[in-house]
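1. here is my input; please provide its structure:
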Amino acid sequence: MDRYQEAYTRSLQDPAGFWGEVAEDVRWVKKWDCVLDDANPPFYHWFSGAEVNTCFNALDRHVEEGRAEQAALIYDSPMAGGVRRTFSYRQLRDRVALVAGALADLGVVKGDRVILYMPMIPEAVMAMLACARLGAVHSVVFGGFAANELAARIDDAKPKVVISASCGLEPGRTIAYKPLLDAAIDIAAHKPDHCVVVQRPEVSADLHQGRDHAWADVVARARPHDCVAVAATDPLYILYTSGTTGRPKGIVRDNGGHLVALKWSMKAVYDLDPGDVFWTASDVGWVVGHSYIVYGPLFQGCTTVMYEGKPVGTPDAGAFWRVIADHKVKVLFTAPTAFRAIKREDPDGALIEKYDLGAFKMLFLAGERTDPATLAWAEDKLKVPVIDHWWQTETGWAIAANCMGLHPYPVKPGSPTKAAPGWDVRVLDDDGNPVKTGEIGAICCRLPLPPGALPTLWRADARYKEAYLDDFPGFYKTGDAGYVDRDGYVFVMSRTDDIINVAGHRLSTGAMEEVLAAHPDVAECAVIGVADELKGQLPLGFLVLRAGAARAEREIVADVVADVRGKIGPVAAFKTACVVGRLPKTRSGKILRGTMQKIADNVPYKAPATIDDPAILDDIESALRGVGYAGGRA
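-> As a prediction, this is how the structure comes out:
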């Protein structure tokens, strides 16, 4: 058997043995009493009885083991005028120890919560690691979130301290964070004892006497703090994700299982060795930033790149290639939406030729389904393997991936390849029965989930069960729909809610999006299901055209309608598409299909807190009215 199949089989047949061996690569304060504690299902715990410190494994061990002068963190910010800063493992450890000392001076102890409301600056990484050093629980809230959303997270986490910055930087605008933080604290029932603010040159924040402190001042007064041992099962962080009720869900990540899984994934999934340069083009406010800007690369002794910028416009669609060339990046991990933006602005990939990408070996994509057209474009222009993989905020790392450090498999466009070791992936019908090979159903994972996945929600065990476990007893419900083919490849077609029912036929919007994205004039697309009196639902397409598209919009729409009919069949009943300038997305790049569906069906909706630019929704409503939806007439 190949190394992947050997690892996968053992991980399911003997999970305690498999992960116990993997865990030997971690520096423990105290070894575990048992690898998998299954005494209270469905609440499973990994490495019960063990003690560990996450920050020690990210920084101190590498200083002790000979990597003190190697670059640990490279900060690259075109938003801040091209500022670059590099921190060695020794420098980063020493600064984190001082930040931990500053937090301790403010009364933070093991188990306390600290909220981070910060932009993409090195101090955000230092603050996360400083919390881990103290055994405090950090909760990163995406910088610039609305005050009411931040207030909801303050009330749920009840932090002793909030760490923020005076501002965040976006193309063409500066966002002052402190007024938003002040408003959130005014709204919240819970009041943090202290706020620490990084004063950036672009904006100086007003500080409230007694409560607020300048980062530079508290760190200058601090003494280095040692690592504090915590239980492996103690929480490392809380990361809030949107809940269906409007109340955010606090995903809990433990210390021990997270450390074991993330360190192992760096080689097994991404084929990265100590000393390699890894760049995850995301944000520390999202799970991808937690796992693969901060923790995973540092656990493995890699150099991680922290980029404050966009894929296009900082200064052009060659921004990514410049970063890869300047910092000798071996592996890039980003979202398909970033590549669609680059493809739209530079469809021929001409800007790639300006840079030396000799060190670049692989591209990994996740966050949105990688459509085959984007995959093919990236493969053609970059001449490196392009690997789609699938995971979620809840899982913390990949559920399915082409595990390049174990055994690379042939890429099948539209698939993140096979379930990763530890993940027992099944496709079930509405009654919880397995569907036939190749049939679409609800993708679920058999319990117990592997290390690194959420053990529960923050102080909400009942809500955890209701949200993820009750619908399919014995399984974790991913909320995604798809199928597994005869070779064991997983195909994630859409969210379960995006499976539409056209005259009794269950159809995947993802399959239709594949067809639309293949059109040479289409840079990006989305398909939603809209209400129809006769058929129940009908598919409706949105098209963003690539720069320089020469054909008329009505001709392109006619083309894609014909293409869907030809490739999926008349059963799809795909008859309408509208051209828009942009698609509404979250700040992490996910397309807001559900919001567009509500607009189309002319039902009340609330713009999601995570939306990147709410003004886009007005453009979507106008386009929908033009084709007879959103209360308009065709």
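2. ranges for the strands of the stretch 51-200 of the chain?
-> Remark: strands assigned in the stretch 51-200 of the chain by DSSP state E, counting those that start in this stretch are 51-52, 71-77, 83-88, 113-118, 137-142, 161-165, 167-170, 173-176, 194-198.
3. neighbours around the closest residue to Lys412 other than its chain neighbours, how many?
-> Nearest non-adjacent residue to Lys412, counting by Cβ to Cβ, 6 or more residues apart in numbering: Tyr489, 5.3 Å away. (Each C-beta comes from the backbone N, C-alpha and C, glycine too.) By other Cβ atoms under 10 Å, 20 other residues sit near Tyr489.
4. thinking again about what came up before, do you know which of the strands of the stretch 51-200 of the chain lies nearest Asp431?
-> Taking Cβ to Cβ, strand 137-142 is the member of these nearest to Asp431, at 37.5 Å.
5. who's in contact with the closest residue to Ala401 other than its chain neighbours?
-> Ranked by Cβ to Cβ, 6+ apart and with sequence neighbours excluded, the top spatial neighbour of Ala401 is His389, at 3.7 Å. His389 makes contacts with Val269, Phe364, Leu365, Ala366, Ala398, Ala400, Ala401, Asn402, Pro416, Thr417, as judged by Cβ atoms under 8 Å, 6 or more residues apart in numbering.
6. any idea how far the first one is from Gly632?
-> The reference is to Val269. Distance, Val269 to Gly632, using Cβ to Cβ, to the nearest Å: 47 Å.
7. neighbour count winner among these two?
-> Using other Cβ under 10 Å as the criterion, Val269 and Gly632 rank with Val269 on top: 25 against 15.
8. wait, isn't that one in contact with Ala400?
-> No. Val269 is not in contact with Ala400 according to Cβ atoms under 8 Å; the separation is 10.3 Å.
9. low-scoring stretches of the stretch 501-634 of the chain, by residue?
-> Applying pLDDT under 70 to the stretch 501-634 of the chain picks out residues 503-506, 633-634.
10. rewinding a little: read off the pLDDT value for the residue nearest to Lys412.
-> Tyr489 is assigned a pLDDT of 98 by the prediction.
11. I'd guessed it sits against Val411; true?
-> No. Using Cβ under 8 Å, Tyr489 makes no contact with Val411, being 9.7 Å away.
12. which residues do these two both contact?
-> Common neighbours of Tyr489 and Val411 (Cβ under 8 Å, 6+ apart) are Thr417.
13. sorry, back to before: mean pLDDT added to the strands of the stretch 51-200 of the chain, as a markdown table?
-> What follows is the strands of the stretch 51-200 of the chain, written out as a markdown table (pLDDT from 0 to 100):
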| stretch | mean pLDDT |
| --- | --- |
| strand 51-52 | 98 |
| strand 71-77 | 98 |
| strand 83-88 | 98 |
| strand 113-118 | 98 |
| strand 137-142 | 96 |
| strand 161-165 | 98 |
| strand 167-170 | 94 |
| strand 173-176 | 93 |
| strand 194-198 | 98 |
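14. please parse the protein into its domains.
-> If you go by automatic domain parsing, the domain ranges for the chain are 3-309+389-432+443-478, 500-626.
15. first-to-last residue distance for the last one?
-> From the first residue to the last, domain 500-626 extends over 23 Å; the measure is Cα to Cα, to the nearest Å.
16. for the remainder of this discussion, apply numbering that starts at 464.
-> Done: numbering now begins at 464, and the last item shifts to domain 963-1089.
17. gap between it and the chain center?
-> In terms of Cα atoms, centre = their mean, to the nearest Å, the centre of domain 963-1089 is found 23 Å from the chain centre.
18. just the endpoints, please. Distance across stretch 733-742?
-> 11 Å.
19. sorry, wrong one. I was asking about stretch 648-667.
-> Its start and end residues considered, stretch 648-667 measures 19 Å (Cα to Cα).
20. run through who's touching it.
-> Contact with stretch 648-667 is made by 543, 565-566, 569-570, 578, 581-582, 584, 586, 610-611, 614, 617-618, 621-630, 632, 637, 639, 641, 644, 668, 670-671, 674-679, 681, as judged by Cβ under 8 Å, 6+ apart.
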